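*Asks:* Pasting the sequence and the predicted coordinates here, then a few questions.
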Amino acid sequence: MGLSMRQRQAVTRELALSYRRAGKKKRGEILTWLCEVSRYNRSYAGRALRQRAKPKVVGRLSKGGSSLTIVEDERTKAKRRAKTKKYGREVFLALKRIWAICDCICGKRLHPFLPEIVPVLERFGELRIDEETRKKLLEISPATIDRLLASERRKFQLKGRSTTKPGTLLKNQIPVRTFSDWDDERPGFLEVDLVSHDGGNTKGDFTQTLDATDISTTWTETKAVKNKAQKWVFEALQEIKDKLPFKVLGLDSDNGFEFINAHLLRFCEKEKITFTRSRPYRKNDNCYVEQKNYSVVRRTVGYLRYDTEEELKVLNKLYSYLREYTNFFQPTMKLVEKTRVGAKVKKRYDQAKTPYQRVLESPHIPEQNKERLEQEYATLNPAELKRKITKLQNKLIKLAGLKEELRREQRKENKDFEYISNEAMNNHFEYIFT
């Protein structure tokens, strides 16, 4: 039985250097021996040896029109040392923990935030590292962060549906927003939208989340309401207005009836708030809040159906922690420039900063408001906020699971499918919250 392919390649590799150094007679002997052992024909064996014997080019020098090729000599080259890792296990474990606490954000967002988050986590005892590890964490690049965490990263592709119904009245009184209407560099101009929690079935009433995002600072507030009734949406808007660290100067919404109504229009006129709306069927007109609908709301509470009082309470408790976690510890990147180069669009972003940092940098916000934010920031532990959010997320999943069990029981009893009343559901939820 002859040699395997791997063995023939190994023999050819060993003979290649001797073949290159040998004279004509010796080369003939090497060729004859290789053909007998490997069963190559003489022409192929010679070509294989010449290919393997080519010296490795390690550089080229050129001067005065002449060039010099530098090759690696097998006889004199030193054994290469194994490349040592600059960022060892200690750095990886610390980075992995910080990344998880920061909601698994990308390297470009995490990198500029490391000098801010590392001291905070150390102050609360959530991170214990030596001086060398801290130094390496603060000098690591965004690309290296993504490379080290590549095996840990998980991707989610979730898509929802729109349940906006048009508000036909008052559209002539509420102007469509144009680029000249707002000063996007000044805090206080908000885009607002509702996120539906219907679980894929729009029958009956179900919870909605009011999402409000400031364009200048990316500050985001969320509030869960029973349904799309104008009363609940208006009350939620007033509550959000009181929580913001700056004065509301403008509101921009879609064309849904929950926003396009006389009550909200009178309120905006009284408070001297610019009230505008997007063009029908142009979701990109509200691109800032639409992006937060996914990155803040959907990524946190998912796509399940929430339609009970208990779920509404849990959602609003979760949003109270999410408000602090998102605005104080989630850096965002704003688009600075977009240019088209042929068929490609090149985008340039500013350095990632948290909404809290953007508020402190704004010259339009009173110093007393900034001082209150700084005092609040000093008391916040991002790891503890993340744990509280995760605990409430698990409660929401349990509540949704219990509803599915009750609906399966209804089907077994051949009852018509219907969403169970809040009173009936609350009896099943008591043991979770006691």
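*Replies:* That came through fine.

*Asks:* Can you report how many residues lie near Arg372?
*Replies:* When neighbours are defined as other C-beta atoms under 10 Å, Arg372 has 12 of them. Every residue, glycine included, has its C-beta placed from N, CA and C.

*Asks:* can you pull the contacts of it?
*Replies:* Contact analysis of Arg372 by C-beta atoms under 8 Å, 6 or more residues apart in numbering lists Pro245.

*Asks:* cool, and Leu244?
*Replies:* Counting by C-beta under 8 Å, 6+ apart, Leu244 has contacts Asp214, Trp219, Glu221.

*Asks:* From the residues you listed, which land in strands?
*Replies:* Asp214, Glu221 (DSSP state E).

*Asks:* Of the contacts of Leu244 - the most surrounded one?
*Replies:* Among the contacts of Leu244, the one with the most neighbours (other C-beta under 10 Å) is Asp214, at 28 neighbours.

*Asks:* these two touch, right, it and Arg186?
*Replies:* No: using C-beta atoms under 8 Å, Asp214 is not in contact with Arg186; the gap is 9.8 Å.

*Asks:* so what sits against both of the two?
*Replies:* Counting by C-beta under 8 Å, 6+ apart, nothing touches both Asp214 and Arg186.

*Asks:* So for Ala235, what's the nearest residue that isn't a sequence neighbour?
*Replies:* That one is not Ala; residue 235 is Glu. Val225 (7.7 Å; C-beta to C-beta, 6 or more residues apart in numbering).

*Asks:* what sits opposite that neighbour in the beta ladder?
*Replies:* Gln208 (DSSP bridges).

*Asks:* residues contacting it?
*Replies:* Per C-beta under 8 Å, 6+ apart, neighbours of Val225: Thr207, Gln208, Thr209, Leu210, Trp232, Val233, Glu235, Ala236, Leu312.

*Asks:* Reformat those residues into a markdown table and put pLDDT, distance to Pro245 and neighbour count next to each item.
*Replies:* Listed next are these as a markdown table, based on pLDDT from 0 to 100; distance: C-beta to C-beta, whole Å; neighbours: other C-beta atoms under 10 Å:
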| residue | pLDDT | distance to Pro245 | neighbour count |
| --- | --- | --- | --- |
| Thr207 | 94 | 27 | 23 |
| Gln208 | 95 | 25 | 26 |
| Thr209 | 96 | 21 | 24 |
| Leu210 | 94 | 18 | 26 |
| Trp232 | 92 | 24 | 18 |
| Val233 | 91 | 22 | 26 |
| Glu235 | 93 | 21 | 14 |
| Ala236 | 93 | 18 | 22 |
| Leu312 | 95 | 26 | 18 |
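
*Asks:* just these now: which is nearest Arg89?
*Replies:* Proximity of the contacts of Val225 to Arg89 was ranked by C-beta to C-beta; the top entry is Thr209 with 40.7 Å.
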